[in-house]
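Participant: return a 3D structure for these sequence lines:
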Amino acid sequence: MLSNGSLAVPIHDERRWHAAVCATISAAGWCSLPLVSSNPTLSLVALTATAAGTFATMGPYWSMPALYLSRQAAAGDIALISTLAGVGSLISPVIVGWLNEYTKTLAAGQYYLGVLLMVGAVTVIAIGPHDRKPRAAG
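Facilitator: Numbering: from 1, shown residues only. Purely as a prediction, here's the structure:
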């Protein structure tokens, strides 16, 4: 996580690519988990990819609002993202539970989480490059 965050320097808009690739790795872990559920070793590898991808996404992701917005707008944007994350934390377990009841398997919920991560990765890339110069440290 730390190395991914430090490698995602703002030059050439690498942060969004670092966030998207790590989110894709996490999505692949979620989507492969139902396929390897009968093999404990492969399940552990899928869970490790899911966790590592999710945590490695955080550093580049949370640093991006400052690239696109002014300081005041970035603060509001971070507050909005946190609020939406809280709403998602309330709604997603309900959706996963409903999918579990409807399909009678946990796989649908795992695919749902993988798709959510892929939507996030595509959205980060679709936003496009920023046009701000990197700020000086200090």
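
Participant: and for stretch 78-85, what's in contact with it?
Facilitator: 62, 65 (C-beta atoms under 8 Å, 6 or more residues apart in numbering). Where you see a C-beta, it was placed from the backbone N, CA and C, and this is true even at glycine.

Participant: now with 6 Å?
Facilitator: Outside stretch 78-85, the residues that touch it by C-beta atoms under 6 Å, 6 or more residues apart in numbering are Pro65.

Participant: how much space between Ile25 and Ala46?
Facilitator: Per C-beta to C-beta, to the nearest Å, Ile25 is found 11 Å from Ala46.

Participant: if you count what's nearby, which of the two comes out ahead?
Facilitator: Ala46 (22 against 18; other C-beta atoms under 10 Å).

Participant: list the residues that contact that one.
Facilitator: Ala46 neighbours (C-beta under 6 Å, 6+ apart): 29, 32-33, 36.

Participant: can you select the buried ones from those residues in ChimeraX?
Facilitator: Per 16 or more other C-beta atoms under 10 Å, the buried members of these correspond to this ChimeraX selection:
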select :29,32,33
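
Participant: and the top helix by length along the chain, what's buried?
Facilitator: Ranked by residue count, the top helix of the chain under DSSP state H comes out as helix 71-103. Under the neighbour-count criterion of 16+ other C-beta under 10 Å, helix 71-103 has 74, 77, 96, 99 buried.
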